[in-house]
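Colleague: Quick one, what's the 3D model for this:
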Amino acid sequence: MEYTKPQRNLTMLTDFYEITMANGYFKNNFRDTIGYFDMFFRKVPDGGGFVVMAGLEQLVDYLANLTFDAEDIEFLRSKGFGEDFLDYLANFRFCCDVWAVPEGTPVFPGEPIVKVKGPVIQAQFIETMVLLCINHQSLIATKANRICRAAGDKSVMEFGSRRAQGADGAIYGARAAYIGGCVGTACTISDEMFGVPVLGTMAHSWVQLFDSEYEAFAAYAKEYPDGCTLLVDTYNTLKSGIPNAIKVFDEVLKPLGKRPRGIRIDSGDIAYLSRKARKMLDEAGYPDCSIVASNSLDEYIIRDMLAQGAKVDSFGVGERLITSSSSPMLGGVYKLCGVQKDGKIIPKIKLSENVAKITTPGNKRVYRLYDKETGKAIADLITLADETVDDTKPYELFDPDFTWKRKTVTDYVARELLEPVFDKGKCVFNRKSTKEIRDYCKKQVDTLWDEVTRFENPHNYYVDLSQPLWDLKHELLRKNGK
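Modeller: Numbers count the residues shown, from 1 in each chain. Below is the predicted model:
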């Protein structure tokens, strides 16, 4: 029987208040009211300098297939919703405009990374999935990017499926990790679905199953002579594992004209063991045999191991990557910033005693300004949608909190970050391969100054407001703050 993947209708993967509000909007004649919503985040995980945007492709797939089936309607009927509202949902057609920052782009607190315009019932309803898709994958892509930057020119593999929070956490986490810079994953289905290169060798149980470590290694080498990487720490790395590996390389691979790919160390003091292992392999005539390290690694452990002279060529990183365990949440939010009335946009603002939670009103654009000479990013600029930045002319930037801090930039290039994804419900998304997104991510991170990308106390990258937007925000603050 031919295998086909089950298709899931995720329309109902939403907070229940999205449905109760939709019903309320419907009953109060707001069904055709046009709303503007922004998704943004307030804080970078791990105290870092930036976040890597990811998860957009899965959000697009959700929006392109947004429909209420008969089971959904029957379920909502059981919750007491009226027939007129249920009839509206049964004939639902997504017709919003959506813009988003491309996946792989470094993004910063406070700036819109997804923007939605459309009937308020629809634009409000999709909040949960906007946040779910972007928050999760951006979190993992950001953690992966930190780990890969710590590893420098050493490759990093994602090994975390068994510790992920559920199947989707493993599948989409592997995709996000690859976007962030990992060379591949142990999660087979992510290769099948997204082309993330799948990698892997053996577990300790393989070695234990045979009567001796040597027999286990020899059997594996005979089966996989072109990609032989042996796990050498099941019993004793230096006294047993590496000597047996070398013996198999000599007695099994060499007669076949093959070279070993590597050994893997999964326990113990890896910095020390890797130095000893490198010496033993080199002396045995295998300087090209790589050393792979795994075992609860993260960016700080990897950085310290390399500083201590570890002779590791690549790292397999599992639980601390796939769960971003040191900072396991990206707190993206989705807020109403305007309502259209009589052809005009009425800006909306949310106030709070917590100043960080005050929103920026209006329909907006986001620009990134790059220095022409260095190619480095200078700052991001949020403007009203009817503003354009002419990069042939000087532009004065100012700190939106400390307005006396100003800088006039010249010889720069202004690039809009938000790109159209849906036009009146029609998907116009420019779908790219996961590898293309990964390559783009690396190039974009390289446009950031080292001061922004460091792990501890990174430089605060500026996200500024245009003067008209700043004026609008403070006018609403004065008006609504009385």
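Colleague: Okay, and the most centrally placed residue in the chain sits in which element?
Modeller: Note on the chain: the residue nearest the mean C-alpha position is residue 138, at 2.5 Å, using Cα atoms, centre = their mean. If you go by DSSP states H and E, residue 138 is part of helix 127-151.
Colleague: Where do the domain boundaries of this structure fall?
Modeller: Here the domain parsing of the chain from automatic domain parsing is 16-140+328-480, 148-322.
Colleague: Present these as CSV; the columns should include mean pLDDT and distance to residue 9.
Modeller: C-beta: built from backbone N, CA, C; applies to glycine. CSV is the format used below for those (pLDDT from 0 to 100; distance: least, Cβ to Cβ, whole Å):
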stretch, mean pLDDT, distance to residue 9
domain 16-140+328-480, 97, 6
domain 148-322, 97, 15
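Colleague: Let me know which of those domains is tucked in deepest.
Modeller: Of all these, domain 148-322 has the most neighbours on average by mean count of other Cβ atoms under 10 Å, namely a mean of 19.
Colleague: Just checking the distance from it to the centre of its chain.
Modeller: Mean-position distance between domain 148-322 and its chain equals 24 Å (Cα atoms, centre = their mean, to the nearest Å).
Colleague: residues in contact with stretch 157-175?
Modeller: With Cβ atoms under 8 Å, 6 or more residues apart in numbering as the test, stretch 157-175 has contacts from 54-55, 58, 136-137, 140, 144, 177-178, 182-187, 189-190, 193-194, 196, 199, 292, 294, 314-319, 321-323, 434.
Colleague: Serialize the domains of the chain to TSV and add fields for distance to residue 10.
Modeller: Converted to TSV, the domains of the chain look like this (distance: least, Cβ to Cβ, whole Å):
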stretch	distance to residue 10
domain 16-140+328-480	6
domain 148-322	10
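Colleague: Show the residue spans covered by the strands in the stretch 301-450 of the chain.
Modeller: Secondary structure of the stretch 301-450 of the chain by DSSP state E, counting those that start in this stretch: the strands cover 314-317, 333-341, 344-347, 364-371, 377-384, 395-398, 406-409, 412-416, 419-423, 426-427.
Colleague: Export those strands as JSON lines, with columns for distance to residue 281.
Modeller: Output for the strands of the stretch 301-450 of the chain, formatted as JSON lines (distance: least, Cβ to Cβ, whole Å):
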{"stretch": "strand 314-317", "distance to residue 281": "15"}
{"stretch": "strand 333-341", "distance to residue 281": "51"}
{"stretch": "strand 344-347", "distance to residue 281": "65"}
{"stretch": "strand 364-371", "distance to residue 281": "45"}
{"stretch": "strand 377-384", "distance to residue 281": "43"}
{"stretch": "strand 395-398", "distance to residue 281": "54"}
{"stretch": "strand 406-409", "distance to residue 281": "53"}
{"stretch": "strand 412-416", "distance to residue 281": "48"}
{"stretch": "strand 419-423", "distance to residue 281": "49"}
{"stretch": "strand 426-427", "distance to residue 281": "52"}
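Colleague: Nearest to residue 235, out of these?
Modeller: Nearest to residue 235 among those is strand 314-317; the distance by Cβ to Cβ comes to 20.0 Å.
Colleague: how about that closest one as PDB, C-alpha atoms only?
Modeller: Written as PDB, here are the backbone C-alpha positions of strand 314-317 (Å, rounded to 0.1, in the frame of the first residue of the first chain):
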ATOM      1  CA  SER A 314      32.300  19.000  14.600                       C
ATOM      2  CA  PHE A 315      29.700  19.000  17.300                       C
ATOM      3  CA  GLY A 316      26.400  17.200  17.800                       C
ATOM      4  CA  VAL A 317      24.100  19.400  19.900                       C
END
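Colleague: wait, doesn't residue 104 sit right on residue 446?
Modeller: No - judged on Cβ atoms under 8 Å, residue 104 makes no contact with residue 446 at a distance of 11.8 Å.
Colleague: Residue 364 touches residue 383, doesn't it?
Modeller: Yes - the pair residue 364 and residue 383 passes the contact test of Cβ under 8 Å, sitting 6.6 Å apart.
Colleague: Which neighbours do those two have in common?
Modeller: By Cβ under 8 Å, 6+ apart, the residues touching both residue 364 and residue 383 are residue 469.
Colleague: Tell me which residues touch the residue nearest to residue 154 when sequence neighbours are not counted, please.
Modeller: Excluding the flanking residues, the one nearest residue 154 by Cβ to Cβ, 6 or more residues apart in numbering is residue 314, at 5.7 Å. Taking Cβ under 8 Å, 6+ apart, we find residue 314 in contact with 154, 155, 156, 157, 183, 262, 290, 291, 292, 293.
Colleague: ok, which pair from those residues is furthest apart?
Modeller: 183 and 291 (15.5 Å).
Colleague: Residue 76 belongs to a helix?
Modeller: Yes - under DSSP: H, G, I helix; E, B strand; the rest coil, residue 76 falls within a helix.
Colleague: Compute the first-to-last residue distance for stretch 117-133.
Modeller: 19 Å (Cα to Cα, to the nearest Å).
Colleague: wait, stretch 448-461
Modeller: With Cα to Cα as the measure, stretch 448-461 spans 9 Å from end to end.
Colleague: Go ahead and name everything in contact with it.
Modeller: With contact meaning Cβ under 8 Å, 6+ apart, stretch 448-461 is reached by 46-50, 106, 108, 146, 149-150, 299-300, 303, 376-377, 379-380, 445.
Colleague: mind checking how far residue 301 is from residue 270?
Modeller: 9 Å (Cβ to Cβ, to the nearest Å).
Colleague: wait, residue 22
Modeller: Residue 22 sits 53 Å away from residue 270, going by Cβ to Cβ.
Colleague: try residue 131
Modeller: In terms of Cβ to Cβ, residue 131 sits 38 Å off from residue 270.
Colleague: and what of residue 231?
Modeller: Taken as Cβ to Cβ, the span from residue 231 to residue 270 is 13 Å.
Colleague: Could you double-check that residue 18 lies in contact with residue 125?
Modeller: Yes - at 4.9 Å, residue 18 and residue 125 qualify as touching, with contact defined as Cβ under 8 Å.
Colleague: residue contacts, residue 471?
Modeller: With Cβ under 8 Å, 6+ apart, residue 471 has no contacts at all.
Colleague: List the contacts of stretch 428-440.
Modeller: Contacts of stretch 428-440 (Cβ under 8 Å, 6+ apart): 54, 56-57, 60, 102-105, 175, 178-181, 194-196, 419-422.
Colleague: let's go with 7 Å and repeat that
Modeller: 57, 60, 103-104, 175, 178-179, 181, 194-196, 420-422 (Cβ atoms under 7 Å, 6 or more residues apart in numbering).
Colleague: what do you get for stretch 122-131?
Modeller: In contact with stretch 122-131 (Cβ under 7 Å, 6+ apart) are residues 13-15, 18, 21-22, 35, 37, 39, 59, 62-63, 94-96, 114, 116, 332, 334.
Colleague: For residue 290, give me phi and psi.
Modeller: For residue 290, the backbone dihedrals (degrees, to the nearest 10) come out as phi -80, psi 160.
Colleague: give the contact list for it.
Modeller: So residue 290 contacts 261, 262, 313, 314 (Cβ under 7 Å, 6+ apart).
Colleague: Could you list everything the last one pairs with in the sheet?
Modeller: The reference is to residue 314. With DSSP bridges as the criterion, residue 314 is bridged to residue 155, residue 292.
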